[in-house]
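**Student:** All I have is the shape, not the residue letters:
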C-alpha cells in the first residue's frame, strides 16, 4: 500500500470522527493550541546537549509525516519550528493554560457537536494525524 493511500485512509478514518462543523471549528483552534503549548513546555525539558524533548518529538513526528506525505511533512516541519520557537518564548504558565484550553476545546467539540469519542481513543496514531489533517485543510496537498 502506498504512503499516499495510507494517508488518505488515515484522513478518512480521522474525518469520520469529525463530521460536524462545530467539532471541526473547535479542532481548528484546539489542535494548534495543543501543539504550540506542548512544544513550548517540552522545550524546557533537556535531553542531551542542545536537544530538548520538543526537538525529539518534532523529529519523531516528522519521520511519520515524511513517510505519509513528504510535501505535508515538509510544511509541517516549518509549522513545528515556528510553534517551537513561539512556544519556547511563552511563559510556562501560559503554555500550561493554552494546553488545557486546547484539550477542553477538543472534548467540547466531541461531546457537544460530534457526540462521539475522539479518534485517538481507537488509534493513538491519530494524535499525529490530527495536526496533519488540520494542515491539509489549510494547505490542501493531499486530495481526500
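**Tutor:** Received the coordinates, thanks. For clarity, every value in this text was computed on a predicted model and none was experimentally measured.

**Student:** mean confidence for the host helix or strand of residue 9?
**Tutor:** Counting by DSSP states H and E, the element that carries residue 9 is helix 3-15. Helix 3-15 shows a mean pLDDT of 83.

**Student:** Flag every buried residue along that helix.
**Tutor:** 7-8, 10-11, 14 (16 or more other C-beta atoms under 10 Å). C-beta coordinates here come from the backbone N, C-alpha and C atoms, glycine included.

**Student:** Ok, stretch 51-60 next?
**Tutor:** So for stretch 51-60, counting by 16+ other C-beta under 10 Å, buried means 52-55, 57-58.

**Student:** what does it rub up against?
**Tutor:** 38-47, 77, 80-81, 84, 87-88 (C-beta atoms under 8 Å, 6 or more residues apart in numbering).

**Student:** Residue 104: which of those residues is nearest?
**Tutor:** Residue 104 lies nearest to residue 38 out of those, by C-beta to C-beta, at 14.7 Å.

**Student:** got the contact list for the closest one?
**Tutor:** Residues near residue 38 by C-beta under 8 Å, 6+ apart: 54, 57, 87, 95, 99.

**Student:** so of those residues, which ones are in helices?
**Tutor:** 54, 57, 87, 95, 99 (DSSP state H).

**Student:** Any chance of those in CSV with distance to residue 138 and pLDDT as columns?
**Tutor:** Below are the ones in helices among the contacts of residue 38 laid out as CSV (distance: C-beta to C-beta, whole Å; pLDDT from 0 to 100):
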residue, distance to residue 138, pLDDT
54, 22, 98
57, 21, 98
87, 19, 98
95, 23, 98
99, 21, 98
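
**Student:** Give me the neighbour count for residue 82.
**Tutor:** Using other C-beta atoms under 10 Å, residue 82 has 12 other residues around it.
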